[in-house]
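[1] How does the following fold in three dimensions:
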Amino acid sequence: MGRDRNERGRYADGIDPETVMDVFDARDDAARPVTASDVVEELGIARRTAHNKLNALVERGTLDTRKIGARGRVWWIPDRGDADTFDGEELRGDPTTTLADESGDTDARADAVDDATDGPADPPADAHGADAVGEEDALDAVLADLPGTVDPADARETIYTAREYLREAGPASKATIVREIMPTHPLGYDPDAALAKIDAGDRYRGAWWRKVVRPGLEALPDVSKPPAGASEWKATEGDT
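    Okay, the predicted model is just below:
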């Protein structure tokens with residue numbers, strides 16, 4: 001049985017990071033690195049969810065990643081051979097294999113990563129890149145101050161989902177964000193009561209927005225809060 005989709009056409013249930021490995025296994029060219037767009041297209045999940053799953057696999061050591069150009073990023077399955085400790089008999093089980101052969105294979109993999117994109121390679125400060133680290137630090141500060149009833153992991157996913165909506169749908173007001181995101185990411189709050197208030201023309205002041213989503217969006221460097229006299233939040237396009 002296939003997984004259920006929500007009203008926006010995405011899969012409504014979560015997936016394990018290991019499911020992302022199916023995308024790597026499905027490649028015709030095993031040397032070709034994978035982009036977040038590949039995962040989004042194959043699994044039907046949000047771009048931020050794809051990034052979260054891929055980066056979780058990086059943290060586990062299952063994948064490696066590299067930033068390409070200003071916004072692009074690719075992931076690949078690393079070769080974890082212990083080049084510093086093996087001898088000739090341990091190299092692929094073939095005593096005739098040399099360190100030069102191993103070096104050539106490594107260069108070929110690096111070339112495949114560069115060929116997967118149009119822009120020049122830009123080595124990241126760490127596995128996620130310095131820009132992602134700054135974003136995560138800012139968001140961690142928000143998550144550390146959550147109401148005790150809200151799970152930080154769920155809150156993080158909700159904030160990223162709200163940003164993804166802004167990227168795909170364009171600028172949106174608080175009421176629109178609540179209407180589109182809260183029903184599938186309630187965080188223990190009552191979405192029906194919130195939507196009833198909005199439908200009645202009342203101003204929504206609930207904790208879902210005040211204590212979680214609004215401060216989370218404000219912490220993201222690519223999300224802009226409405227200026228004075230305006231009501232729409234905006235998000236710029238993120239990593240490939």
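
[2] Would you agree residue 157 is in contact with residue 52?
    Yes. Using C-beta atoms under 8 Å, residue 157 is in contact with residue 52, at 7.4 Å. C-beta: built from backbone N, CA, C; applies to glycine.

[3] Quick one: residues contacting residue 155.
    Listed by C-beta atoms under 8 Å, 6 or more residues apart in numbering, the contact partners of residue 155 are 143, 146, 187, 212, 216.

[4] and the nearest residue to residue 222 once chain neighbours are set aside, how many neighbours does it have?
    Here the nearest residue to residue 222 in space, its sequence neighbours aside, is residue 236; by C-beta to C-beta, 6 or more residues apart in numbering that works out to 4.6 Å. For residue 236, the tally of surrounding residues (other C-beta atoms under 10 Å) stands at 13.

[5] And residue 236, what's its pLDDT?
    pLDDT for residue 236: 81.

[6] Quick check: it vs residue 27, distance?
    According to C-beta to C-beta, to the nearest Å, residue 236 stands 30 Å off from residue 27.

[7] now the helices for this structure?
    Per DSSP state H, the chain carries helices over the ranges 17-25, 36-43, 47-60, 99-115, 130-143, 152-169, 174-181, 191-199, 207, 214-219.

[8] Residue ranges of each domain in the protein, please.
    With automatic domain parsing as the criterion, the domains of the chain are listed as 17-115, 130-235.

[9] and those domains, which one's lowest on average pLDDT?
    Considering the domains of the chain one by one, the lowest average pLDDT is found for domain 17-115, at a mean of 70.

[10] ok now do the spatially closest residue to residue 39 that is not a sequence neighbour, which residues does it touch?
    Closest residue to residue 39 apart from its sequence neighbours, by C-beta to C-beta, 6+ apart: residue 50 at 4.0 Å. Residue 50 is in contact with 20, 36, 39-40, 43, counting by C-beta under 8 Å, 6+ apart.

[11] repeat that with 7 Å
    Taking C-beta atoms under 7 Å, 6 or more residues apart in numbering, we find residue 50 in contact with 36, 39-40.

[12] Compare those and tell me which is most surrounded.
    Of all these, the most densely surrounded is residue 36 (26 neighbours; neighbours counted as other C-beta under 10 Å).

[13] Excluding chain neighbours, what is closest to it?
    Leaving out its chain neighbours, the residue that sits closest to residue 36 by C-beta to C-beta, 6+ apart is residue 50, at 4.5 Å.

[14] Next one: that neighbour from residue 193, what distance?
    Between residue 50 and residue 193 the distance is 32 Å, computed by C-beta to C-beta.

[15] Kindly report the same for residue 176.
    17 Å.

[16] just residue 23 next, same as before
    Between residue 23 and residue 193 the distance is 39 Å, computed by C-beta to C-beta.

[17] So between the two, which is more surrounded?
    Counting neighbours by other C-beta under 10 Å for residue 23 and for residue 193 shows that residue 23 has the greater number, 20 against 11.

[18] Distance to residue 76 for the helices of the chain - can I get that in TSV?
    As requested, the helices of the chain are arranged in TSV below (distance: least, C-beta to C-beta, whole Å):
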stretch	distance to residue 76
helix 17-25	8
helix 36-43	11
helix 47-60	10
helix 99-115	6
helix 130-143	18
helix 152-169	23
helix 174-181	32
helix 191-199	40
helix 207	42
helix 214-219	30
